[in-house]
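Engineer: how would this look folded up:
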Amino acid sequence: MIVCPNCNHPNPDGAVQCEACYTPLPATTNCPSCGATVQADAAFCGQCGYNLHSAGVPHVHSTVATTVTPDVPVEVPALVPPDPLLELLQPDALGMSESTPSSSFPPTEVAVPPESVSQIPATPSSPPEPAPTVVAQPVVSIQSIPTPPPLEPAPVSEVEVPAPAAPAPTVTAARTQLQQVIARLIHVQTDRLIELPQNLSVIHIGKPNDRIPPDIDVSGFPNSEVVSRIHADIRVEGDAHYVEDVGSSNGTYINNLPLLPGNRHRLRPGDRISLGKGDLMTFLFQLA
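Structural biologist: Numbering: from 1, shown residues only. The predicted structure follows:
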């Protein structure tokens, strides 16, 4: 019988397709050990566990050795009756004679031969222990405690109610104006201050051109020939400012480290921005 791997439908041996879902059935073969039908790509037989990948080695089932224990009679020694004289001499191990009252267990008379009584040594009787003295606790009567008289409410005296005071003059709090943070660039070579536009989210830095006019024109600064016409951008996102190179010829450097095109750096107060090589056009980023 071949079980369909798609719908688990049992198919007769030798079938090529499933009778229920028409799925191609896997090829089958017989186990060389037990003859059961198994798949051709199976590693072990599902009936006897034979390794189908072994080269013609028949599967041998291991025989479990059975251990048989012979019936050997166990010899039990016979019980020896105790000597009655030893039972008389043996003290009460459980202490039943002291703890059990005489009313519950009456004494039993034991007949002892006169010759055995003479051999038993006389044991001096110990004086009985005095009973512990119990101190009686005084009984406190509940009725002897006097009940306190009920509290009378204090007389209410007339209290003068002061006249309402005049309303205090209304003081209008002055509105606190939040100071807006202004970002600016300081040109290191000329100590010139440039404030960044506050109404722009992208600030273009470069020189005049026909494609993207610069918001910060550096053509009037010394050594402006190292700056490309479309050199770098400063992007404003909330309180953060980011600088990125937009494909300049001589590159952009942040704190003397090159800024790769496509990457951007978050500016912090004191960062050094160099446009071009040689640190000829340098700006310091500040917040005021």
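Engineer: need the helices for the protein, in chain order.
Structural biologist: For the chain, applying DSSP state H gives helices covering 84-89, 96-99, 114-117.
Engineer: in stretch 12-30, which residues are buried?
Structural biologist: Using 16 or more other CB atoms under 10 Å as the test for burial, stretch 12-30 gives Cys18, Leu25. All C-beta spots, glycine's among them, are computed from the backbone N, C-alpha and C.
Engineer: show me the contact partners of it.
Structural biologist: 1-2, 4-7, 9, 11, 36-41 (CB atoms under 8 Å, 6 or more residues apart in numbering).
Engineer: ok, 10 Å please
Structural biologist: 1-11, 36-42, 45, 52 (CB atoms under 10 Å, 6 or more residues apart in numbering).
Engineer: between the two ends of stretch 19-37, how far is it?
Structural biologist: Terminal residues of stretch 19-37 are spaced 18 Å apart (CA to CA, to the nearest Å).
Engineer: quick one on the thing from earlier: of the contacts of stretch 12-30, buried ones?
Structural biologist: So, by 16+ other CB under 10 Å, the buried ones in the contacts of stretch 12-30 are Ile2, Cys4, Asn11, Val38, Gln39, Cys45, Leu52.
Engineer: still on that earlier bit, tell me which of the contacts of stretch 12-30 fall in strands.
Structural biologist: Of the contacts of stretch 12-30, the ones assigned to strands by DSSP state E are Ile2, Val3, Pro10, Asn11, Thr37, Val38, Gln39.
Engineer: measure Ile254 to Ile194 for me?
Structural biologist: Applying CB to CB, to the nearest Å, the value for Ile254 to Ile194 is 17 Å.
Engineer: contacting residues around Asp233?
Structural biologist: Applying CB under 10 Å, 6+ apart, the residues contacting Asp233 are 202-206, 212, 214-215, 242-246, 252, 264.
Engineer: with Val188 instead?
Structural biologist: Contacts of Val188 (CB under 10 Å, 6+ apart): Arg272, Ile273, Ser274, Asp279, Leu280, Met281, Thr282, Phe283, Leu284.
Engineer: hmm, which two among those are most spread apart?
Structural biologist: Leu280 and Leu284 (14.9 Å; CB to CB).
Engineer: okay, these two: which has more neighbours?
Structural biologist: Leu280 (18 against 15; other CB atoms under 10 Å).
Engineer: which residue sits closest to His265, ignoring its sequence neighbours?
Structural biologist: Distances taken as CB to CB, 6 or more residues apart in numbering place Ile254 nearest to His265, at 4.9 Å, with adjacent residues excluded.
Engineer: quick revisit: among the contacts of Val188, name the buried ones.
Structural biologist: Ile273, Ser274, Leu280, Met281, Thr282, Phe283.
Engineer: for Ala240, see how far away the second one is.
Structural biologist: Distance, Ser274 to Ala240, using CB to CB: 21 Å.
Engineer: and for the fifth one?
Structural biologist: Applying CB to CB, one obtains 22 Å for the distance of Thr282 from Ala240.
Engineer: report pLDDT for Val202.
Structural biologist: We have a pLDDT of 95 for Val202.
Engineer: what's the answer for Leu196, then?
Structural biologist: Leu196 is given a pLDDT of 91.
Engineer: so who does it touch?
Structural biologist: Leu196 touches Ile182, Ala183, Arg184, Leu185, Ile203, Asp215, Ile216, Ile234, Val236, His241, Phe285, counting by CB under 10 Å, 6+ apart.
Engineer: what about the fifth one, how many neighbours?
Structural biologist: Pointing back at Ile203 there. There are 19 residues near Ile203, going by other CB under 10 Å.
Engineer: that one is in contact with Ala232, isn't it?
Structural biologist: Yes. The pair Ile203 / Ala232 is scored as a contact, 9.3 Å apart, by CB atoms under 10 Å.
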